[in-house]
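[1] sequence and predicted structure below; questions after.
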Amino acid sequence: MNLEDAELESHEAKFINEFSVWIHRAIVVYNNAHEHNGIILREQIESEGHGAKKKTNTWLDVILSLIRFAKDNRSFFTFVLKNIHSGYNKINWTRTISGTTAVVQNDSPVYLNPVNKKRQINFDEELIVIFFSILNYVAERFGFKTEIPFGFPLIKGAKFERYIDGFGRRRLRQIKYKYFSDVATRLWDLCYAFFDKAYQIKTATDNREYLLAKSFHIVFEAMIEELIGDNDVPKGLKEQADGKLVDHFYTYDGLLINREEDNDIYYIGDSKYYKIGSKPGKESVYKQYTYARNVIQWNLNLFLNPVEKEEEKDRYRKIQLRDDVTEGYNIIPNFFISANIDPITLSYEDRTVRREGQENICRQFENRLYDRDTLIVSHYDVNFLFVLSLYARDNAGAKAQWKADVRRKFREEIQGMLRDRFEFYAMTAHPDVDGEKWLKENFQEVLGKTYSPFLDKKVFSLALDKDDKYKAENDVLIASLKENFYVVPCPLGTEPTARIAEERQIVGDVNSPAADKGLFLFGIVNKMKVGKDGQPEISKEYITFSKYKATDFVMRNMPSGDIAKVKYFVPMFDGGIAGYYEITGISFGMRQKETKDVNGNEVIVPMPCLNIKLGKYTPFGIHTAEVPKFRNWNGQIHTAEEVLLLYNSANQPITQGSNINL
């Protein structure tokens, strides 16, 4: 771009003028912080000379010349200051005696209001005030290291912004012809060029500064690391054992609950200085997965392998990624950070946004968030201009504040991404159920879906994928869990205590069917039988079961399995199931069966059967569910989980709404 001929809007011109200053400052800050870095080349600083006048290429030229002038002309400022204050505050006795009243004390006059020498407007002083006000501005705005040794009343804040907006040029033109010395004239030229940004000043073409960053992406990584990363990271986490080097690593509040104490988790970030809008390549994504796997193993080794106590690892021992009860793994936030710029506003405002729908997921099993092999890498864009200006100022307080803000924002954005993909619940066992024992005995059902992040270690988090293809599976699991646990929705980041207490008040201290290892016996209830007149008719047994008022049942075929543990009876009629009865008693009996002998004659043969006394009836849900090949289930014995799985995964319900009534 030819700045002399370019037609720029005011905000575009301002951007061009400032941008080179910010880049210069960022490179300088990086170079000062990383000695022998090998990527920054720097030659002698440029100074204004007595050569031919030329237009300055950038605002940076003017600022560097102003700073150089302050260093090289200390004697000039001292001389002017001495002249300004020469005789100042000296009492004018002639005017004091003639114009004021004296008080006589001990025969001597005492003048309470002496007349001082009046101070006149000094244009040298005004120019110096403007000059040092400029130095103060570039120090606060851009982070240049400058010294202002004299106690002049500087122009600051909104008043100085007025100078930048045009008043500075007008005021300097008004006092221009008050200066005659070469030094004062050069100072006026520099100050005017600062406000004008295109004014011709004398520069020496044979003495320039060359500042070159050969690999600016490394500078960008250093900027992000300085602004978000931890410095005191133990070996093995950032500098990993397989030779990989993580760009950014820090510990911060975990994702599952909002509390600070003993809740930290590892955060892994990678800077990408790509063209705006570009996506990380497959190799970069795979590296992020590897980083996370290495971090998980490093954490496990703290607890699995005997190690000597090292002070730098003490706070990392508070982080335990694996929960021994559920064998679930905590979520490790893993993300890319890219640079972005708003091409319309060219704003330097803080703007950090997540690229929605661009999450990369690595897993071995579906629908398992709390699994060691389920790793999610998200992607965030930061405003490059904001990050550049914050790093370039090198203000420790401002950097610390943004570090706290952006870490909180990254956490909230990652939580938002997880909420978009998963439903979160909290669950705790019924009073009559040993929750840990149940989870171990039903390990396969909840593996990778449960974890224990809460203060109450008897309360577990349940995460289920929202994708419709998992809906049936998730419904079955929740129904099964509710037989033994209080299960309540628990949004990510919230404590579940109040929600569980409310659910317990609604459900009560229930007796869980599987708590005492009670099993369920299946039996077919035949609808039709042959009447006395030889015509088919509906059996009385079917009528009582269809009204859910049965009191007994005769099982004509002996069940397969140990009937001693059977406590519930599941009647199957019309090809489906709707609920179960408590068994109050079981006795063996004999029934008469008509058959034919070898000669084809009809004979009556005694056959064993079970006489089952039935108690309270409990429905599974609000409909009767059809069971495929239901006759194969006759006489079978199953657990509560297996029964609920059958009910919830069965075909479409036979009857919607209320239960069947004849």
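    Arrived safely.

[2] pull the longest helix from this structure.
    Counting residues, the longest helix found in the chain (DSSP state H) is helix 396-421.

[3] helices or strands up against it?
    Helix 396-421 is packed against helix 216-228, strand 248-253, strand 352-354, strand 375-383, helix 384-393, with contacts defined by 3 or more CB pairs under 8 Å, 6 or more residues apart in numbering; DSSP states H and E. The way it works is simple: take the backbone N, C-alpha and C, and place the C-beta from them, glycine included.

[4] and it, which residues are buried?
    Residues of helix 396-421 classed as buried: 399, 402-403, 406-407, 409-411, 413-415, 417-418 (neighbour count, 16 or more other CB atoms under 10 Å).

[5] can you check stretch 252-269 too?
    252-257, 263-269.

[6] what's the neighbour count on residue 285?
    Using other CB atoms under 10 Å, the number of residues around residue 285 comes to 19.

[7] what about it, which SS state?
    helix (DSSP: H, G, I helix; E, B strand; the rest coil).

[8] grab the nearest non-local neighbour of it.
    residue 360 (4.8 Å; CB to CB, 6 or more residues apart in numbering).

[9] where does pLDDT dip in this protein?
    1-4, 44-57, 82-90, 117-124, 198-209, 260, 306-315, 511-517, 650-662 (pLDDT under 70).

[10] hmm, who's touching stretch 550-562?
    Contacts to stretch 550-562, defined as CB atoms under 8 Å, 6 or more residues apart in numbering, come from residues 519, 521, 523, 525, 541, 544-545, 566, 569, 571, 581, 589, 591, 607-614, 617, 634-637.

[11] buried subset of those?
    519, 521, 523, 525, 541, 544-545, 566, 569, 571, 581, 609-610, 612, 614, 617, 634-635, 637.

[12] keep only those of those that are in helices.
    Mapping these onto helices (DSSP H) picks out 541, 544, 545.

[13] may I see those residues arranged in JSON lines, with distance to residue 93 as well?
    Listed next are these as JSON lines, based on distance: CB to CB, whole Å:
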{"residue": "541", "distance to residue 93": "132"}
{"residue": "544", "distance to residue 93": "128"}
{"residue": "545", "distance to residue 93": "125"}
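
[14] okay if I get the buried residues of helix 396-421 as TSV plus distance to residue 289?
    As requested, the buried residues of helix 396-421 are exported to TSV (distance: CB to CB, whole Å):
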residue	distance to residue 289
399	30
402	29
403	26
406	24
407	22
409	24
410	19
411	20
413	20
414	16
415	21
417	17
418	17
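
[15] closest one of those to residue 347?
    Of all the buried residues of helix 396-421, residue 347 sits closest to residue 402, with 15.7 Å by CB to CB.

[16] my read is that that closest one contacts residue 223, right?
    No. The pair residue 402 / residue 223 is not scored as a contact, 11.5 Å apart, by CB atoms under 8 Å.

[17] quick one, what contacts the residue nearest to residue 224 when sequence neighbours are not counted?
    The shortest distance from residue 224 to any non-neighbouring residue, by CB to CB, 6+ apart, is to residue 271 (4.7 Å). Taking CB under 8 Å, 6+ apart, we find residue 271 in contact with 217, 220, 221, 224, 225, 247, 248, 336, 337, 338.

[18] just the element for residue 271, please.
    Taking DSSP states H and E as the criterion, residue 271 maps to strand 264-272.

[19] how about that strand as CSV, C-alpha atoms only?
    Provided in CSV are the C-alpha atoms of strand 264-272 (Å, rounded to 0.1, in the frame of the first residue of the first chain):
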residue,chain,number,x,y,z
ASP,A,264,-8.9,-28.1,39.2
ILE,A,265,-8.3,-29.9,35.9
TYR,A,266,-5.7,-29.7,33.2
TYR,A,267,-6.2,-27.4,30.3
ILE,A,268,-4.3,-28.1,27.0
GLY,A,269,-4.1,-25.5,24.3
ASP,A,270,-2.4,-25.1,20.9
SER,A,271,-1.8,-21.8,19.1
LYS,A,272,-2.5,-21.8,15.3
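
[20] list the strands paired with it, with their directions.
    Paired with strand 264-272 in the same sheet, following DSSP bridges, are strand 248-253 (antiparallel), strand 334-340 (parallel).

[21] the shortest one vs helix 396-421, what angle?
    In other words, strand 248-253. 70 degrees (axes from the mean of the first three to the mean of the last three CA atoms, to 10 degrees).

[22] strands along the stretch 551-662 of the chain, start to end?
    552-555, 566-572, 576-577, 579-596, 602-619, 624-626, 637-638, 653-655 (DSSP state E, counting those that start in this stretch).

[23] how about those, which one is nearest residue 353?
    That would be strand 653-655 among the strands of the stretch 551-662 of the chain, by CB to CB, at 45.5 Å.

[24] okay, how far is it across stretch 354-363, tip to tip?
    Length of stretch 354-363, first residue to last, CA to CA, to the nearest Å: 22 Å.

[25] ok so, going back, quick one: which of the buried residues of stretch 252-269 is nearest residue 294?
    When the buried residues of stretch 252-269 are compared for distance to residue 294 (CB to CB), residue 268 wins out at 9.7 Å.

[26] grab the nearest non-local neighbour of that closest one.
    residue 334 (4.7 Å).

[27] what distance do you get for that neighbour to residue 247?
    Distance of residue 334 to residue 247, given as CB to CB, to the nearest Å: 12 Å.
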